[in-house]
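>>> Here is my input; please provide its structure:
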Amino acid sequence: MSFTLKNHVALVTGSTKGLGKQIAFALGKAGAKVCLNYANDWKTAEATFTEFQDAGCAGIMVRADVTDAGQIQSMISEIASKLGNVDILVVNATPDQPQKPIEEYDWDFYQLMLDFFVKSPFLLTRAVLKEMKQSRWGRIINIGSEVYQTAVPNFSAYVAAKGGQIGWTRSMSKELAPFGITVNIVNPGWIPVERHQNDPQAMKDAYFADIPAGRWGVPKDVADAVLYFASEESAFVSGQTLCVNGALSPW
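Prediction:
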């Protein structure tokens, strides 16, 4: 089945590299007008946006910190004026996530995780919700992580924040269902992208040995799951947590 998103406008946060880039391209190729978002690394962002346009996709690119309410509102206003109202929101932006025992974390780091995975979905949804409710159609898709299901140790700040993101998704799905708005979360496994290039090989080998599917996940695997949740075909699917990790956490 080929999903079409023609006449829809998507915002994918943190979408100029990694998983977000592949998600933005998948939505664009399906016909959506897409806003690519970044906060840092202008050079990489520019290269990605050129590639996006060369692929025949339509959209814009906006720099914004998606934990800042003012910058979010400015971005949403710019999207509305240039592309139309956002009706597909993909919350993907993420900071670095070092693994440490709890004694080595401080509250500022915990707060950073909460800002990206609880505060950001809240602020972004608030910014686009009025128009979604008016049109009685919307797709809100969080990008979570398998770490909540697999209970990764020495990762407490990230795991806790991702758990909060799952809980927020479930609650919002019931709140917004009467308005034709679905809210779902895609939980990828460890899918190596640019930021994993310096991860220890021994750690990668140990993780790979546990993947029942016998292969590494790739960004397209995540993008395809997002594309389904963004489509008309998923209209009766909401509040769901979909793990994309080769059966590593089949529940």
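>>> For the residue nearest to the spatial centre of the chain, which residues are in contact?
Closest residue to the average C-alpha location of the chain: Asn92 at 2.5 Å, with Cα atoms, centre = their mean. Going by Cβ atoms under 8 Å, 6 or more residues apart in numbering, Asn92 touches 12-15, 19-20, 23, 143. (Each C-beta comes from the backbone N, C-alpha and C, glycine too.)
>>> give me that answer again for 10 Å
Neighbouring residues of Asn92 by Cβ atoms under 10 Å, 6 or more residues apart in numbering: 11-15, 18-21, 23-24, 37, 66, 116, 120, 141-143, 186, 222, 226.
>>> which sections of the protein are below the confidence cut-off?
Applying pLDDT under 70 to the chain flags the ranges 1, 195-196, 250-251.
>>> max-length helix in it?
helix 156-176 (DSSP state H).
>>> Give me the angle between the longest strand along the chain and helix 156-176.
Longest strand in the chain by number of residues (criterion: DSSP state E): strand 181-188. Interaxial angle, strand 181-188 versus helix 156-176 (axes from the mean of the first three to the mean of the last three Cα atoms, to 10 degrees): 160 degrees.
>>> Provide the strand pairings for strand 181-188, with the direction of each partner.
Taking DSSP bridges as the criterion, strand 181-188 forms sheet pairs with strand 138-143 (parallel), strand 241-244 (parallel).
>>> from the middle of its chain, how far away would the last one be?
Spelled out, it's strand 241-244. Here strand 241-244 shows a centroid-to-chain-centroid distance of 12 Å under the convention Cα atoms, centre = their mean, to the nearest Å.
>>> Got phi/psi on the residue of the chain most remote from its centre?
Centroid-distance maximum for the chain: Glu103 at 29.3 Å, with Cα atoms, centre = their mean. Backbone torsions of Glu103, given as degrees, to the nearest 10, read phi -60, psi -20.
>>> Could you do the one 5 residues further on as well?
Asp108 adopts backbone torsions of phi -60, psi -40, taken as degrees, to the nearest 10.
>>> can you map out the helices along the stretch 1-150 of the chain?
Using DSSP state H, counting those that start in this stretch, the helices of the stretch 1-150 of the chain run over 18-29, 42-54, 69-82, 107-114, 120-135, 147-150.
>>> Any idea which of those helices gets closest to Asp199?
For these, proximity to Asp199 was assessed by Cβ to Cβ; helix 18-29 is nearest, at 13.5 Å.
>>> on contacts alone, who are the packing partners of that closest one?
Contacts defined by 3 or more Cβ pairs under 10 Å, 6 or more residues apart in numbering; DSSP states H and E place helix 18-29 against strand 9-12, strand 33-38, helix 42-54, strand 59-63, strand 88-91, strand 138-143, strand 181-188, helix 219-230.
>>> For the helices of the stretch 1-150 of the chain, state which one has the densest average packing.
Of the helices of the stretch 1-150 of the chain, the one with the most neighbours on average (mean count of other Cβ atoms under 10 Å) is helix 18-29, at a mean of 25.
>>> quick revisit: tell me the phi and psi of the residue nearest to the centre of the chain?
According to degrees, to the nearest 10, Asn92 has phi -120, psi -20.
>>> Go ahead and confirm Lys119 touches Ala93.
No. Between Lys119 and Ala93 there is no contact under Cβ atoms under 10 Å: 11.5 Å.
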